[in-house]
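Colleague: just the structure for this:
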Amino acid sequence: MNQRETLCVKDDHLVIGGCDAVSLAAEFGTPLYVMDEAFIRGMCRIYRESLAEYGPYRVLYASKAFCCKGIYRIVEEEGLGADVVSGGELYTALSAGMPADSIYFHGNNKTVEELEMAVENGVHAVVLDCLDEIGLLDHVADSLDKEVGVLVRVNPGVEAHTHHYIQTAKPDSKFGFNLAAGLAEEAVGAVLKTQHLRLLGLHAHIGSQIFDKKPFVLALHKLTDFMKEIREKFGVDCEELNLGGGFGIWYSEEDRKIPASGYAEYTRALAEALDEDVREKKLKRPVLVIEPGRSIVGEAGVTLYTVGAVKEIPGIRKYVSVDGGMFDNPRFALYQAKYSAALANRMNDKAEETVTIAGKCCESGDMLAVDVRLPKAERGDTLAVFSTGAYNYSMASNYNRNAVPPVVLVCDGRADLLVKPQSYEDLVRNDVIPARLQKVKR
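Modeller: This is a model prediction of the structure:
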């Protein structure tokens, strides 16, 4: 694990945010998502304080990583805004008290209802992603008699070295306007012809789980070149340059262990490159906007499970099954994501076996980690899987009618529910038996 002050070992047990993991499992049950509040707040401050050394900036929390009311309260208290990608995320942010003018609304296929919701509530910006959305949003704004700030999402064609499912700026992508093909310029021109849309600037997001700073800087250079073209052709200066997020985190020994403070290197590289480009290209310095999500909450999360069946196939594999699976963490099934794990109740025991951690779903691909080193696991052990704070609860489902686990926030030895556990009653709450299928009393 990537140890830190709030993720350590004490008396042979894993301790998260000052709370004994085994005690958390006993109190709240398993599976259980545990989120380290101090880590989350620390990451927010690192991003905000590192950018404050330069010109105007804005840090937005990428909601899709982990969305609930409590996380919005934390990031707002730390001075961050939010980006949202659906009406549900927007509703959650607003219901938690997040100011609408701190929210940016993304999405490659926003519905009319979602656009109306965003405009009515006065979000700071709608990020445009396709040509017909420009006219659609202008019509919505006209019907509501509102002016709407917009960013044009640009696909700069920078391919980051990451899984192809989370590359978002390769030439063939469902996201953004292709820069090389001239579609981004066409979109800017279309926005400037509308009656109710105000061009704030540009947006780009090149992918996720990226450790190399060079792709981010390359994308920035391409965008500032485009900003210069926009000024020369349309006579307009971009007020904002949003470079998205995508900074990598530690999941397994194959990944770099970056100290929390190390993420300031990403932001400083971007800010310094922007300042250099502004000078060289004689541009008005835009507000630099970034959208970290995974790097704020990813390593803050640990999921706790209880070990059940242990099955060995001689000469092939040993399966350690737990009471969770792809319903609480589908990332292995989706793109073979790698994780590290430990026995939270026996942290000092030597890892002596290579095992595969299997979930309880009725799917052969329901795995949480393959070929991980563990002490000899036994039924009843508490298993901890690390770096599960991002895209685990967000992607959870009720597959096989399993309940989505609760989320607990820990800090200074205190544990509080962020998301309540689901009950079986919750699982059937929206089920309807049509009248013609009702049992007839005899």
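
Colleague: do a quick rundown of the helices in the chain.
Modeller: 21-28, 37-51, 69-77, 87-95, 112-121, 131-143, 183-192, 214-234, 264-281, 294-297, 331-335, 424-428 (DSSP state H).

Colleague: any idea which of those is most buried?
Modeller: Ranked by average neighbour count under the criterion mean count of other CB atoms under 10 Å, the helices of the chain are headed by helix 294-297 at a mean of 28. For the C-beta atoms, the positions are set from N, CA and C on the backbone; glycine is no exception.

Colleague: and that one, what's its mean pLDDT?
Modeller: Per-residue pLDDT over helix 294-297 has a mean of 98.

Colleague: kindly report the same for stretch 324-343.
Modeller: Stretch 324-343 comes out at a mean pLDDT of 96.

Colleague: top strand in this structure by residue count?
Modeller: strand 301-313 (DSSP state E).

Colleague: can I get it in PDB, CA atoms only?
Modeller: Extracted in PDB, the C-alpha atoms of strand 301-313 (Å, rounded to 0.1, in the frame of the first residue of the first chain):
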ATOM      1  CA  GLY A 301     -10.600   5.200  -0.600                       C
ATOM      2  CA  VAL A 302     -10.100   1.700   0.800                       C
ATOM      3  CA  THR A 303     -12.800  -1.000   0.300                       C
ATOM      4  CA  LEU A 304     -13.100  -3.600   3.100                       C
ATOM      5  CA  TYR A 305     -14.400  -7.100   2.500                       C
ATOM      6  CA  THR A 306     -14.900 -10.300   4.500                       C
ATOM      7  CA  VAL A 307     -13.200 -13.400   3.100                       C
ATOM      8  CA  GLY A 308     -15.500 -16.400   2.400                       C
ATOM      9  CA  ALA A 309     -14.700 -19.400   0.300                       C
ATOM     10  CA  VAL A 310     -11.100 -20.200  -0.500                       C
ATOM     11  CA  LYS A 311     -10.700 -22.600  -3.400                       C
ATOM     12  CA  GLU A 312      -7.400 -24.000  -4.900                       C
ATOM     13  CA  ILE A 313      -7.100 -25.600  -8.300                       C
END
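
Colleague: out of the helices of the chain, which is closest to residue 152?
Modeller: helix 183-192 (4.9 Å; CB to CB).

Colleague: residues near the closest residue to residue 75 other than its chain neighbours, how many?
Modeller: Distances taken as CB to CB, 6 or more residues apart in numbering place residue 61 nearest to residue 75, at 4.2 Å, with adjacent residues excluded. For residue 61, the neighbour count with other CB atoms under 10 Å is 32.

Colleague: wait, residue 61 touches residue 68, no?
Modeller: No. Taking contacts as CB atoms under 8 Å, residue 61 lies outside contact range of residue 68: 11.9 Å.

Colleague: so where's the protein shaky on pLDDT?
Modeller: 160-172, 442 (pLDDT under 70).

Colleague: could you rerun that using 50?
Modeller: Where the chain drops to pLDDT under 50, the residues are 162-169.

Colleague: tell me, what residue is most central in it?
Modeller: Taking CA atoms, centre = their mean, the centroid of the chain lies closest to residue 65, which sits 2.0 Å from it.

Colleague: look up how far residue 284 lies from that one.
Modeller: 32 Å (CB to CB, to the nearest Å).

Colleague: quick revisit: okay, buried residues for the longest strand of the chain please.
Modeller: For strand 301-313, burial by neighbour count (16 or more other CB atoms under 10 Å) applies to 301-307, 310.

Colleague: cool, stretch 345-362 as well?
Modeller: Across stretch 345-362, burial judged by 16+ other CB under 10 Å covers 345-347, 355-361.

Colleague: narrow those residues to those in strands?
Modeller: 355-358.

Colleague: between these, which sits nearest residue 84?
Modeller: Nearest to residue 84 among these, with distances taken as CB to CB, is residue 357, at 32.7 Å.

Colleague: quick one: residues contacting the closest one.
Modeller: If a contact means CB atoms under 8 Å, 6 or more residues apart in numbering, then residue 357 has 319-322, 341, 367-370, 372, 383, 385 as its contacts.

Colleague: give me the buried entries from these.
Modeller: So, by 16+ other CB under 10 Å, the buried ones in those are 320-322, 341, 367-369, 372, 383, 385.

Colleague: with distance to residue 76 added, can I get those residues in JSON lines?
Modeller: Formatted as JSON lines, the buried ones among the contacts of residue 357 follow (distance: CB to CB, whole Å):
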{"residue": "320", "distance to residue 76": "40"}
{"residue": "321", "distance to residue 76": "40"}
{"residue": "322", "distance to residue 76": "35"}
{"residue": "341", "distance to residue 76": "33"}
{"residue": "367", "distance to residue 76": "37"}
{"residue": "368", "distance to residue 76": "32"}
{"residue": "369", "distance to residue 76": "34"}
{"residue": "372", "distance to residue 76": "37"}
{"residue": "383", "distance to residue 76": "34"}
{"residue": "385", "distance to residue 76": "29"}
